[in-house]
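Undergrad: Predicted structure and sequence below. I'll ask about it afterward.
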Amino acid sequence: MMAGGDGLAVAGGPALHIPVLGRHAVGYLKPRDGGVYIDGTFGAGGYTRAILAAADCKVIGIDRDQTAIALGADLVEQAGGRLTLIEDRFSNLETIARDARHEAVDGVVFDLGVSSMQLDSAERGFSFRLDGPLDMRMSAEGPSAADVVNAASERDLASIIYTLGDERHSREIARAIVNARTDEAITTTHDLAHIVGAILRHRAGDIHPATRTFQALRIFVNGELGELLAALQAAERILKPGGRLVVVSFHSLEDRIVKNFLADRGETRAGSRHAPEVRHHAAIFQVLTKRPLTADEDEVARNPRARSAKLRAAARTEAAARRSLPPRLLPHLPTLSSVLKGR
């Protein structure tokens with residue numbers, strides 16, 4: 001998620017966009033000459049520009065948004081062979097790195113959520129501020145938000161909106177959506193925003209009543225939480241000892257997944273006299289942020305979206321990666337396929 005530029009010098013000239021908590025993120029990443037880094041959420045290229053400016057290193061930028069990859073072509077040229085852009089999901093970063101002949105990398109950074117570039121594009125359907133098709137897909141593939149809104153049962157819609165949007169009026173919203181679509185399909189962002197706005201009171205200074213519903217649908221349509229967990233595991237496997245992992249999140253569920261994953265991987269476990277069969281597990285990550293970093297008042301004033309940002313960082317140890325995961329890292333939700341069948 002990007003903020004306005006502040007004149008940071010980068011490869012190819014001043015950055016047009018600076019990521020939220022960008023300086024802190026690059027500081028924890030510690031780019032070094034000769035290093036290889038993965039920007040798993042390339043977006044408008046803010047992190048990549050800063051990494052390339054910090055050291056004579058290489059960056060692999062990944063984004064499943066083909067528009068982001070296309071707009072990054074100039075930066076690829078300016079970087080003089082130090083930047084490779086790949087259109088793909090960031091959960092595939094291990095395969096991407098190895099296909100590029102890197103068996104291990106020095107750092108991985110994730111800037112989660114939706115970018116300003118996507119929010120400001122009406123045709124992408126991410127924002128209720130601009131009227132456009134109710135799409136919300138980060139790539140051009142798979143079902144859209146309109147597909148979900150028009151096919152899901154009232155119960156599934158309520159579950160999605162409550163769990164992923166933290167919306168306490170989820171049942172009323174789901175009921176209103178189902179009632180509205182019996183007359184006509186819900187196909188635009190303004191259609192959905194009007195339905196939600198008609199049942200929730202909105203006072204000056206409050207967030208728009210449709211904010212949480214839009215957020216929930218976006219996360220669900222793109223499978224963002226599952227992607228995040230898979231990407232964290234991939235980073236664990238591809239980072240070399242001493243390599244850094246930095247994650248900036250904007251949603252409490254995202255931050256909880258990162259926090260619990262790093263807590264699990266940061267523990268040293270051993271068998272006990274009560275359970276001697278339990279194998280010893282050395283810590284896989286050294287957590288560098290006991291508490292998440294947040295944006296200061298100046299950054300929030302420049303970019304209100306920074307208000308909810310949290311940064312966590314960790315350093316990879318020499319311990320072998322593990323396949324097992326702690327239970328209940330992901331919330332219980334219906335699958336996308338079952339939702340589209342109205343079950």
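TA: Yep, that arrived. Residues are numbered from 1 along each chain as shown.

Undergrad: What is the neighbour count of residue 134?
TA: Neighbourhood size, residue 134 [other Cβ atoms under 10 Å]: 26. Any C-beta I mention is one placed from the backbone N, CA and C, and that applies to glycine too.

Undergrad: ok, it - contacts?
TA: 125, 144-146, 149, 186-189, 191-192 (Cβ atoms under 8 Å, 6 or more residues apart in numbering).

Undergrad: ok, now residue 186?
TA: Contacts of residue 186 by Cβ under 8 Å, 6+ apart are 134, 146, 149-150, 177, 180, 192, 195.

Undergrad: Now residue 286: which helix or strand?
TA: Remark: residue 286 resides in strand 285-287, with elements defined by DSSP states H and E.

Undergrad: buried ones in the following helix or strand past that strand?
TA: Next along the chain after strand 285-287, taking DSSP H and E as the criterion, comes helix 297-302. Of the residues in helix 297-302, 299-300, 302 count as buried by neighbour count, 16 or more other Cβ atoms under 10 Å.

Undergrad: Tell me the one of the residues you listed nearest residue 160?
TA: residue 300 (28.8 Å; Cβ to Cβ).

Undergrad: Find me the pLDDT at the closest one, would you?
TA: With respect to pLDDT, residue 300 has a value of 87.

Undergrad: can I assume it is in contact with residue 307?
TA: Yes - using Cβ atoms under 8 Å, residue 300 is in contact with residue 307, at 5.0 Å.

Undergrad: ok, and the closest non-adjacent residue to the residue positioned nearest the centre of the chain?
TA: Geometric centre of the chain, nearest residue: residue 112, 2.3 Å, by Cα atoms, centre = their mean. Of all residues not flanking residue 112 in the chain, residue 249 sits nearest, at 4.8 Å (Cβ to Cβ, 6 or more residues apart in numbering).

Undergrad: Quick check on that neighbour: phi, psi?
TA: When read as degrees, to the nearest 10, the backbone of residue 249 gives phi -120, psi 160.

Undergrad: ditto for residue 61
TA: According to degrees, to the nearest 10, residue 61 has phi -100, psi 130.

Undergrad: number of nearby residues for it?
TA: Look at residue 61: counted by other Cβ under 10 Å, it has 26 neighbours.

Undergrad: ditto for residue 167
TA: By the criterion of other Cβ under 10 Å, residue 167 has 24 neighbours.

Undergrad: Report the secondary structure state of it.
TA: Under DSSP: H, G, I helix; E, B strand; the rest coil, residue 167 falls in the coil class.
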